[in-house]
Every structure is written in structure tokens, then in C-alpha cells.
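[1] Sharing a model that was predicted from the sequence below.
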2 protein chains.
Amino acid sequence: MSDPEGFKKVSEDAHVSKESINSNPYGPNPADFLSNVSNFELIESTLREGEQFANAFFTTEKKIEIAKALDDFGVDYIELTSPVASEQSRKDCEAICKLGLKAKILTHIRCHMDDARVAVETGVDGVDVVIGTSQFLRQYSHGKDMNYIAQSAVEVIEFVKSKGIEIRFSSEDSFRSDLVDLLNIYKTVDKIGVNRVGIADTVGCANPRQVYELVRTLKSVVKCDIECHFHNDTGCAIANAYTALEGGAKLIDVSVLGIGERNGITPLGGLMARMIAADRNYVLSKYKLHKLRDLENLVAEAVQVNIPFNNPITGFCAFTHKAGIHAKAILANPSTYEILNPSDFGLTRYIHFANRLTGWNAIKSRVDQLNLNLTDEQCKEVTNKIKKLGDVRQLNIDDVDSIIKDFHSDLLTPQPTGPAPHVIEGLAESESKRLREE
Amino acid sequence: MSDPEGFKKVSEDAHVSKESINSNPYGPNPADFLSNVSNFELIESTLREGEQFANAFFTTEKKIEIAKALDDFGVDYIELTSPVASEQSRKDCEAICKLGLKAKILTHIRCHMDDARVAVETGVDGVDVVIGTSQFLRQYSHGKDMNYIAQSAVEVIEFVKSKGIEIRFSSEDSFRSDLVDLLNIYKTVDKIGVNRVGIADTVGCANPRQVYELVRTLKSVVKCDIECHFHNDTGCAIANAYTALEGGAKLIDVSVLGIGERNGITPLGGLMARMIAADRNYVLSKYKLHKLRDLENLVAEAVQVNIPFNNPITGFCAFTHKAGIHAKAILANPSTYEILNPSDFGLTRYIHFANRLTGWNAIKSRVDQLNLNLTDEQCKEVTNKIKKLGDVRQLNIDDVDSIIKDFHSDLLTPQPTGPAPHVIEGLAESESKRLREE
């Protein structure tokens, strides 16, 4: 990214070295003895949940490109659309299984033998089975009762296990399911010996403390790993994922930019932001964070969306500091107003000094960059001039540099009257007038 | 919004009437006896925190337009940039105070008498005072110790109170501050009699259970209201706000689309999504949710950003359902896959049926809309044709309608050979060929 107008790169060196002022208060809570915050795994579902995003249509070539990029990033599992969704979906699943990726390949099917028989023939490392357990879904989706669900689950699980591949059993809409029903079915499938059970907030409405309680309860009922899947309808998908890990869940479903049904699920990048704040060493040891931006751009282009302006980490202003008081402190030590270090992601910090909220410390730093020599008092004076124009209109970096340079040259060759007539080129007469009103 | 390609509006009637299947499991937790989930207030800071967003430059006219729109929406407080930030900032503050809005007007200043003296003369209903209390900010920002902070706070608070206007005292970077220091200063200012104390996650890294613990602890120390301010660097700003309310905080700082320093704070719309899921009646009684989209568009245009594709509520696909299994259930009862009702926001639900993940229930519903008569078996047959083309390329609604209509007319006048030669106009030869391969 080239420097946007009115921004200035800031050096990186101070960040890490001074981070040791405090020990990390965002690390795993010592009271969470079951926490997997420092031991989590990612099930990457851009090629399954993400294909359910309104704009998604992935060709075979694009699926392969995305799968390779995810594998290179370091995700633990890649989940693919059910092979019974369409003929090409089945072929694509087979093709991706043949790539020989480091990540394990999963496919996601209904809890039904028709689907399971097709899935186990695709070459996947594991099968993710799901069935709706809430009264809503039992009544309006598949119309089955809990006994039927348990019977189907046992049949499908034993069949998949007999093929020697991994099996996960998940309820759907878990947070609107009857707790006793839910624990019963999880206990049943755990006894048969699944690799993971899954909790899914299918409608995107669980809140963090609910998640923590359900995961903790489930943790006391099953021996296998717990996987969680959170939709983002009410904006809690990242926090819910983090809290699930605190409670003892081990695997989180993510997709690039969170794409999925409706407004999607826990985004890969956002979860990386949350997790690196909690355990930087673990995250850096497993995932190639400097490839995050390319990965997001790849998927954004494939589904024809823009990276949200406020995206964690890669949003265009995620590391841009504007108010004077922020700029001053960031220049002294970036950790003052940053919990994430942009260089961990191959990104750069900016100080936005071309605006009316700017402060003299930021301007002094710009003066130094321009190799000019001004005292602190002179910097404060020129800052006032900049703020004055910033009151009149939006500024860019050239405006600020012009004001500084004119101020500096006026000092060398003092003018008999008022400010230089051409403080900023292209300034409208009304702007000049307002700027002269001191 | 006109119907996008490949989407279909779904009727609204089923949603609310059938929501009574379960009582709301997302309401306030009965164990949270201090909860303000059903009694919260909003401090809207688009014109303060939002002005610190990289792209923001608000003219006086735009500030007034935004302030009026926020007031109409129903926010409880509107917070404005410090009047000492620039001369125009002071004038704008005075102008907005004179509008006679229902919302109370606040301005946000450093904990310093120079700022306080200017602030109380602007006509505001209240002053929000802030000072950094973390070791980071004490060392690299203002360089003051806790005794100095307490002395300044007392002086500023007593001065503002003497003018008969509201006063809030907030620490900055609260979650990296020493807990004892923090509780001491809050206790001190509470004794003098502030209206609110504020907790600020200035670097955006608190997690929900930390928030709950700090709010609960603070609640046992002060009598006044607690306000919270959460940055979104690690994607938890909405969840943290919700959890703070559970713990007993009463006021949440928000901005439209969350705009602010870096990638911003708790967004107004996202918090509305979270809160309406918890207490629909309270939210609907206070806030004009059907104006949310216009409000977001107003601010997005002013700061030159697009509404994020995955924005809660107003993202283009927040109420779009795609996978066949989802579509089937949504057609039977929208609550199966929606916790939010789009009509609460003046919005519409869509079924995305023009894709390879579609199911025959969604297609049957389209057949009915087209006033055609097909049996379930025939609908399944035509769905297979649609999925087949969906494997070849991205579909739009006209593609699907053409396939259905051709299928229907073939039934009335059976062809001696294969499918109609022009199933879809504009189909490439390779696509036609692939489609014929049955």
C-alpha cells in the first residue's frame, strides 16, 4: 500500500521492545484450567460455509487456489461443501483431496447414510455431520424427533468410523435446543467414539457468557474435542469463539472475511487479531499472518466484495492514528494506543496529521521528516495555522507540507505584512480569507 | 432496495407469530441481578470519536444534519469533539447545543481546567472528562502520577458541577491500568458526586469475561452510573458492550458504523442487533430502527466509505438465505434461521435460489410465484436441471425462470428429442453441451 494522502509512516522499532512494561493482561485467564486459548485449532470453512455466501460461486480452479492459500497460511482443517450438493461439488471435493495439502480435508454432510456413503468415497480425511436439534428445526426443517436423530447419528458415525476417517457430530441451532436433549445426544455419540462434537450458533445470537456456560457444561459430559461454529448476526462471533476457547472448546470454524449464510461467521482475520492479543507466540508459531492480506484479497475478489473499511487488521485505517493526543503517545511508544503490532502482519502504522484534530507533536515529527529546523514554540505556532485550515476544509499531506515550508521560509526572510499570499496553491479565495482571519 | 439478481422476497407474516415456540433464551440472564440489558442508554459519539476516524471531515452543516438524525433515531446523548480541538470545533459545539434536540449534548475534554473552562461555556448539558491511567499513558502521554490525576479530577469535577451540568469522569486504557489505582480514583470521584464513571478499552483488546469482572467489581465500589467505551481492534466491541450491561454498566458509547480511531468502536447498528435479540420490546420502544439504514448511509457518504458487505442488519446479505436446507426451513418459518426480523428495520428477507446449493423447496416456491403448476416430483426434476447449470456458472434469476418455464412448456408440448435447444438465451456452446450431458 502506498502512503495515502495526509498520512505518515511511523517506524516499528519501539513496539515490541517496550511491550514488557506489563505482563500481558489479555492472556489466558489462570482460572480457566480447561482453556485452549493457547492450544486452539482452526477449521477453515470458506469452501463450505463461504460457498453459502450470497455472492459466492467458486470454479474448480478458484477452489484449488483458495485451498492452497489456506494450507499455506497454516489452517489445521479445510472444510468443503457436501459432495451431494451437486455433481461438480463432489468432483471438486475429490480434486482438493488429491492436492496433498498439509491441512486435513473435511466435508460437511447431513446426518444421513445417503450423504455419508458418497462422502467417504471422496478421499477426505474426515466427515463433519450435522443435524438440527432445536424445536424450530425439528418442526420446520427435517421433522424428526430426538430418538430418530440419535439412531441416524449412531448409524452414520459407525459407518464413517469403519472407513478409518475422522468424524465430527454437531447439533445445529444448539443454543435454542433443549439442554437435556443436547447433552444426551452428545453423550451418546461420544461413547461411540467421535473425534469431535460441535456446538453451532446457527442463527448468530448466542452471547459470550452463554457460550462459556454451555461449553463448560459439555466439557464435563464428553471426552472428545469440542468444535464451535458461530454466526455473526449480532456481531459476537469473534468474542464467542474466544470465550468458547476459554471454556475448553478446542476448534473454531472460521472463513476468510467471515463469508457465509447471511452476514457470515467468525472471520479468520478477526479471530487472528483476538488470539494474537492473547498468545502472540502460539499464533506466530502456527500461522503465516503476513499472508493474511493476500488471502483476504483473493477471496474478496472471488466473491466480488470490498474489504470492509473497518476490518480487523486489514481495514485501511486499522493502524492509523489521528487525534493529536494519540499521535503524541504513539510517536513516543506505539504500545500506548496499539495492542496489535502491524509488522506482525506485514503492515505499517500511520499517523494522520493533516486534520484539525492534529497536535504539535505530530507536526514536529513531520517537520523533522522534512529536514527543517523549528523550535517547539514554532512547531506549536505552525500547528495552529494547520488546524485553522483544517477547520475550513479537509486537508492532505501537501497542504500541511506547504504550510510548514512557507512558515519556515518566512522565518528566514521575514515579510513586512501578514502571511504569504500563496500559503497553499489552489486555495479558494474564501478559504484564503478565512485563513487570514487571525 | 430492488430485488437483486437471483433473489426472491419472502413474506414476513410467519416470523413474529411463531416466535413464541420458546421463550427468549437470549434475554437478560436471571442471575445478573444488576443487569441493565433491559435498561441501557446510548452515548452516540459519531461527532467525537467518529471525527477521529481517518476519513472524517464534517462541516458544520453536516454535523448538524447528523446530530438531528441521531436525535430522531432516539439516542440518549450526543457527544461532540472538544471545543479546544479547534476554533470551529468550539463554534460547532455551540451551534448544536442551540438546536434544541431531545438528546442531551455532551462534549469530551482532557482532565484539565483550561479545557473545562471552555467546555462549560458552550451550552452543553454535560462534560465527559478523560485521563489516561495506564502505566503506558502515564509514562508516554501526559507523564503524570495518580496523585496528580486525582487532584486534577477533583478540581475539574467540582468546577463543572458548580455550573450545574452533568459530569462524567473516565479513565483511559482502563484494562491496562492498575486495578487498585483505578478503583481508588473512581471511588474518589464518586464521593464528590459525578453522574457517571467511564471504563474505556482504548486499545480494543479487552475480552468479555474481563469486562464483566471489572464492571461487577466497579459496581461494588461506586454508586453512580457506569459508562463503557470499547474499541474494536480485536473484534469484540459489540460483545464487550453487551457483557458490560450484563455486569451492571448502564451506558454504552457507540458511533454510526463504529467509526473512530483506527478501526473504531462499538457500532450503533451492531449493538442494536445484539440488544433487540435480548429485549425486543425495550429496543423498539426507544429507538427508531427503521431509520438505521438511512442514518448509516448518511454517515457513510459523509466519510466516503461503503457499508461493509457483512455489516449487521444493513449488510446487503444480512437477511439472504442460500443453502437449500436453509431455504426450505425459512419458507416454513423464518425464525428457523433468523434471530432478527428484517421488518423491524424496514428491511426484507431474500431466498437466494439461483445457485447450485439450491433445493427443490425453494424452487417449488419460485414455481408458485410464477403461477405455474408442477408436482413435487417435477419440481425436483427441474431443480436438478438448475443445479446442473449452477455447476457450470454463476446463475441469475432469469436463468432459473427460463429453465422452469421451458421445463413447464415442454411438459405441455412434449418434444421428441432431448431438452429444448434454447434452454437459456445467451448460453455459450460449451455450457449448453455440459448442460445436455445427463
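    All right, it came through fine. Not measured: the values here are computed from a predicted model.

[2] and the helix or strand hosting residue A:42, which strands flank it?
    Using DSSP states H and E, the secondary-structure element containing residue A:42 is strand A:41-44. Listed by DSSP bridges, the sheet partners of strand A:41-44 and their directions read strand A:77-80 (parallel), strand A:251-254 (parallel).

[3] on contacts alone, who are the packing partners of the helix or strand following the last one?
    The helix or strand immediately downstream of strand A:251-254 is helix A:268-278, counting by DSSP H and E. Here helix A:268-278 touches strand A:41-44, helix A:237-247, strand A:251-254, helix A:280-286, helix A:292-302, going by 3 or more C-beta pairs under 8 Å, 6 or more residues apart in numbering or on different chains; DSSP states H and E. The way it works is simple: take the backbone N, C-alpha and C, and place the C-beta from them, glycine included.

[4] Quick one: mean pLDDT over helix A:268-278.
    Confidence for helix A:268-278, expressed as mean pLDDT, is 97.

[5] so how far is it off the chain centroid?
    For helix A:268-278, the distance between its averaged C-alpha position and the chain's averaged C-alpha position is 6 Å (C-alpha atoms, centre = their mean, to the nearest Å).

[6] repeat for stretch A:316-332
    22 Å.

[7] Next, see if that stretch gets close to chain B.
    Yes - contact of stretch A:316-332 with chain B (C-beta under 8 Å from any C-beta of the partner chain) involves A:316-326, A:328-329, A:332.

[8] Secondary structure and distance to residue A:199 added to the residues you listed, as CSV?
    Formatted as CSV, the entries for those read as follows, by DSSP: H, G, I helix; E, B strand; the rest coil; distance: C-beta to C-beta, whole Å:
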residue, secondary structure, distance to residue A:199
A:316, coil, 34
A:317, coil, 34
A:318, coil, 30
A:319, coil, 34
A:320, strand, 37
A:321, strand, 38
A:322, coil, 40
A:323, coil, 41
A:324, helix, 46
A:325, helix, 43
A:326, helix, 39
A:328, helix, 45
A:329, helix, 41
A:332, helix, 44
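
[9] Redo these as TSV? Include distance to residue B:33 and pLDDT.
    Shown next, in TSV, are these (distance: C-beta to C-beta, whole Å; pLDDT from 0 to 100):
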residue	distance to residue B:33	pLDDT
A:316	44	91
A:317	40	91
A:318	38	93
A:319	41	92
A:320	42	91
A:321	40	90
A:322	41	86
A:323	38	84
A:324	43	82
A:325	38	84
A:326	38	85
A:328	43	87
A:329	39	86
A:332	44	86
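
[10] Report the contact partners of residue A:265.
    A:45, A:49, A:229-232, A:237, A:253-255, A:258 (C-beta atoms under 8 Å, 6 or more residues apart in numbering or on different chains).

[11] can you pull out the strands in chain A?
    Secondary structure of chain A (DSSP state E): strands located at A:7-9, A:41-44, A:77-80, A:104-110, A:126-132, A:166-172, A:196-201, A:225-230, A:251-254, A:320-321, A:350-352.

[12] so can I have a markdown table of the ones you listed showing mean neighbour count and distance to residue A:69?
    Rendered in a markdown table, the data for the strands of chain A read as follows (neighbours: other C-beta atoms under 10 Å in any protein chain shown; distance: least, C-beta to C-beta, whole Å):
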| stretch | mean neighbour count | distance to residue A:69 |
| --- | --- | --- |
| strand A:7-9 | 18 | 27 |
| strand A:41-44 | 24 | 10 |
| strand A:77-80 | 27 | 10 |
| strand A:104-110 | 23 | 15 |
| strand A:126-132 | 24 | 21 |
| strand A:166-172 | 25 | 23 |
| strand A:196-201 | 25 | 25 |
| strand A:225-230 | 25 | 22 |
| strand A:251-254 | 28 | 14 |
| strand A:320-321 | 26 | 27 |
| strand A:350-352 | 26 | 27 |
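
[13] So which residues on the stretch 1-150 of chain A come close to chain B?
    Checking the stretch 1-150 of chain A against chain B by C-beta under 8 Å from any C-beta, the hits are A:7, A:21-22, A:25-26, A:29, A:51-55, A:57, A:81, A:85-89, A:110, A:132, A:135-137, A:139-141.

[14] Filter those down to the buried ones and hand me the PyMOL line.
    Buried residues within the residues of the stretch 1-150 of chain A next to chain B, by 16 or more other C-beta atoms under 10 Å in any protein chain shown, are selected in PyMOL with:
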select buried, chain A and resi 7+26+51+52+53+54+55+57+81+85+86+88+89+110+132+135+136+137+139+140+141
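
[15] In helices, which of the residues of the stretch 1-150 of chain A next to chain B appear?
    Of the positions in the residues of the stretch 1-150 of chain A next to chain B, A:87-89, A:135-137, A:139-140 sit in helices, assigned by DSSP state H.

[16] Just put the strands of chain A in TSV and tack on distance to residue B:191.
    As requested, these are arranged in TSV below (distance: least, C-beta to C-beta, whole Å):
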stretch	distance to residue B:191
strand A:7-9	44
strand A:41-44	49
strand A:77-80	55
strand A:104-110	58
strand A:126-132	55
strand A:166-172	51
strand A:196-201	43
strand A:225-230	42
strand A:251-254	45
strand A:320-321	35
strand A:350-352	39
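
[17] Was I right to think residue A:196 contacts residue A:251?
    Yes - the pair formed by residue A:196 and residue A:251 meets the contact definition of C-beta atoms under 8 Å, at 6.4 Å.

[18] Nearest to residue B:385, out of the strands paired with strand A:41-44?
    Comparison of the strands paired with strand A:41-44 against residue B:385 by C-beta to C-beta identifies strand A:77-80 as nearest, at 23.8 Å.

[19] how much space between residue A:233 and chain B?
    Shown here: residue A:233 relative to chain B, a distance of 6 Å by C-beta to the nearest C-beta, to the nearest Å.

[20] From residue B:382, how far off is that residue?
    Distance check for residue A:233 against residue B:382: by C-beta to C-beta, to the nearest Å, it reads 32 Å.

[21] More neighbours: those two, which one.
    residue A:233 (30 against 25; other C-beta atoms under 10 Å in any protein chain shown).
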